[in-house]
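> Quick one, fold the following:
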Amino acid sequence: MTMAKGSNTVVRVSGLRRAFGSTVILDRFNLQVREGEAIALTGRNGAGKSTLLRLLVGADKADEGTIEVCGTPMTETSAAIRRDMATVIDDLDFFPDLSVVEHLDLLARAHGVENPDPLVDEVLEEVQLVPQSGQLPGTLSSGQRRRLALATAFVRPRRLLILDEPEQRLDVEGVTWLANRLKNEREQGLAIIFASHEPRLVQTVATRVVTLGAPRAGAENLLAGTDPDEVLSADGETPVADDVAPKPPKPQAAKQQGGKGGGRPGQPKGRPRPRQGGRR
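Below is the predicted model of the structure:
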């Protein structure tokens, strides 16, 4: 497998601890992610995947430990981190009076893309939202809103991409598209950390799997054939997560389904452009 894995560390987590009352979610958790690596967080519901992601993006604060992104200590308001990190970890609160295309144009311009129109057109076509480009987010289906959320990450520069169950509300074709898209970005050097319950996504994208908590039912499908010596430990003695290379996916015949999802639909690119003067 060709992979643009660099020596530069993008994320460094050291001694992370997070507890809610007497319930300890993470304890002495360590993780290092370099360019071109994709870390899949797996485990049962409540094992701490979303908590860890919220700590990584600065939406929650650890009780102990440190997080650095591209050498910068984590703070939610850090301009450097906001420049380098793209995230989709919650249902986004879209501006109610901006259309789909206006959202993407605004985000691209805000993050310094000088000529955003071609990029926005490409991403709209890829997430199959060209016909909905002039609609307001509130008129979209839940699957379309998920694809819009993913599109907001793809129209901006990024060195790190953090995703929480990005396969949610995507159909079979959508999951296949997303897996291939993330794999391609990882091979170009992007660092990715994502939580997922979808084996195909994990097997296609991840270079390492970190299993939080006790393995959930069916986890053997993700971890079969792994090296038992590759264990992420809290203190060098007590494992807190299995850190392993994922099993290669089994070849599958492509499923032809209509409806929502990913893939490139070949839709015409004409769509409403946002007004350039003032706010709506």
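> mind listing the helices for this protein?
Shown for the chain, the helices assigned by DSSP state H span residues 49-57, 79-84, 100-110, 116-126, 142-154, 172-187, 199-205, 220-223.
> distance between the fourth one and the chain's centre?
It stands for helix 116-126. 19 Å (Cα atoms, centre = their mean, to the nearest Å).
> Report the inter-axis angle for that helix versus helix 172-187.
On the basis of axes from the mean of the first three to the mean of the last three Cα atoms, to 10 degrees, helix 116-126 is oriented at 140 degrees to helix 172-187.
> And helix 116-126, what's buried?
By 16 or more other Cβ atoms under 10 Å, the buried positions in helix 116-126 come out as 116, 119-121, 123-126. Every residue, glycine included, has its C-beta placed from N, CA and C.
> give me the low-pLDDT residue ranges for the protein?
The model of the chain has pLDDT under 70 over residues 1-6, 91, 214-280.
> center of the chain, which residue is that?
With distances taken as Cα atoms, centre = their mean, L163 lies nearest the centre of the chain, 2.4 Å away.
> Identify the residues contacting that residue.
87-89, 153, 192-195 (Cβ atoms under 8 Å, 6 or more residues apart in numbering).
> so of these, which ones are in strands?
The members of the contacts of L163 that map onto strands under DSSP state E are 87-88, 192-195.
> Can you tell me which of the contacts of L163 is nearest T66?
T66 has its nearest neighbour among these in I193, at 16.3 Å by Cβ to Cβ.
> So what sits opposite the closest one in the bridge?
I39, I162 (DSSP bridges).
> my read: it touches V11, true?
Yes. With contact defined as Cβ atoms under 8 Å, I193 and V11 form a contacting pair (6.8 Å).
> where do the contact lists of these two overlap?
Joint contacts of I193 and V11 (Cβ under 8 Å, 6+ apart) are 33, 56, 160.
> which one among the ones in strands among the contacts of L163 gets closest to V202?
F194 (8.5 Å).
> got a markdown table for the contacts of L163, with distance to Q135 and neighbour count too?
A markdown table is the format used below for the contacts of L163 (distance: Cβ to Cβ, whole Å; neighbours: other Cβ atoms under 10 Å):
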| residue | distance to Q135 | neighbour count |
| --- | --- | --- |
| T87 | 24 | 23 |
| V88 | 20 | 21 |
| I89 | 24 | 19 |
| A153 | 20 | 19 |
| I192 | 29 | 25 |
| I193 | 31 | 27 |
| F194 | 28 | 27 |
| A195 | 29 | 24 |
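> give me every residue that touches the residue lying closest to G43 once chain neighbours are set aside.
Counting by Cβ to Cβ, 6 or more residues apart in numbering, L212 is the residue found nearest to G43 once chain neighbours are left out, at 4.0 Å. Residues near L212 by Cβ under 8 Å, 6+ apart: 26, 41-43, 47-49, 52, 240-241.
> State the pair within those residues that is farthest apart.
Pairwise across these, and taking Cβ to Cβ, the largest span is found between L26 and T42, at 14.9 Å.
> Compare these two and say which is more crowded by neighbours.
Comparing L26 with T42 by neighbour count (other Cβ atoms under 10 Å), the higher total belongs to T42, at 28 against 25.
> Run a quick neighbour tally on R181.
For R181, using other Cβ under 10 Å, the count is 17.
> correction: D93
Neighbours around D93, by other Cβ under 10 Å: 7.
> And it, its phi and psi?
When read as degrees, to the nearest 10, the backbone of D93 gives phi -90, psi 100.
> Verify the contact between L104 and D121 for me.
No. Assessed by Cβ under 8 Å, L104 is found out of contact with D121, at 9.4 Å.
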